[in-house]
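A.B. asks: sharing a model that was predicted from the sequence below.
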Amino acid sequence: MSYKPPHIIDFGKLGESNIGYLSIAENNKLPFKIERVFWTYYTPESIVRGRHAHYKTEQILVAVTGRIIVTTDDGKGQVETFVLDEPNKAVYLPPNVWHTMQYSHTAIQMVFASETYLASDYIRDYQEFLKVWGDK
């Protein structure tokens with residue numbers, strides 16, 4: 001299956017600085033139907049999370065507050081870094097990228113996922129990731 005590469009999604013924002021803003025994520029504007037939503041918070045700044053890829057799950061990561069640095073690796077030499085520090089911006093992660101996240105202490109990350117949780121969908125060993133998704 002072919003996937004779009006990791007990229008920023010701009011949800012836009014409605015409102016004004018004197019009344020606040022609203023951003024909207026609707027299934028008809030996303031690259032997949034949302035099957036699961038989860039969030040992470042109070043992650044120490046010294047911790048690097050992620051360190052995995054997926055066989056099937058696509059994800060959209062949003063920094064609801066704070067800053068999240070997302071690094072992606074496609075196993076073919078393409079490494080990218082995305083800085084999420086606005087709640088109306090997100091990064092799309094296809095299953096075929098190894099990814100890590102590092103958070104500011106105040107960061108709250110919300111994730112929209114294309115699949116329900118299944119432990120067997122996670123590739124947690126980088127060498128296995130390269131066998132599955134890297135240059136063959």
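C.D. replies: On my side now, so go ahead.
A.B. asks: where does the residue of the chain most remote from its centre sit, in terms of helix or strand?
C.D. replies: Here the chain reaches farthest from its C-alpha mean at N18, the gap being 30.3 Å by Cα atoms, centre = their mean. Under the criterion of DSSP states H and E, N18 resides outside all helices and strands.
A.B. asks: contacting residues for it?
C.D. replies: By Cβ atoms under 8 Å, 6 or more residues apart in numbering, no residues touch N18. (Glycine included, C-beta is placed from N, CA and C.)
A.B. asks: bridging residues for L61?
C.D. replies: Applying DSSP bridges to L61 gives these bridge partners: V91, V111.
A.B. asks: next one, pLDDT for K136 please.
C.D. replies: At K136, the pLDDT value in this model is 58.
A.B. asks: swap in D125?
C.D. replies: Model confidence at D125, given as pLDDT, is 97.
A.B. asks: for Y21, same thing?
C.D. replies: pLDDT at Y21 comes out at 96.
A.B. asks: for it, give its distance to G15.
C.D. replies: Applying Cβ to Cβ, to the nearest Å, the value for Y21 to G15 is 4 Å.
A.B. asks: go on, I47?
C.D. replies: Taken as Cβ to Cβ, the span from I47 to G15 is 33 Å.
A.B. asks: surely P31 touches Y92?
C.D. replies: Yes. The pair P31 / Y92 is scored as a contact, 6.1 Å apart, by Cβ atoms under 8 Å.
A.B. asks: now do the buried residues in stretch 7-22.
C.D. replies: Neighbour counts over stretch 7-22 (16 or more other Cβ atoms under 10 Å) mark I9, F11 as buried.
A.B. asks: straight-line length of it, end to end?
C.D. replies: 22 Å (Cα to Cα, to the nearest Å).
A.B. asks: now swap in stretch 86-103 and tell me
C.D. replies: For stretch 86-103, the end-to-end distance is 13 Å (Cα to Cα).
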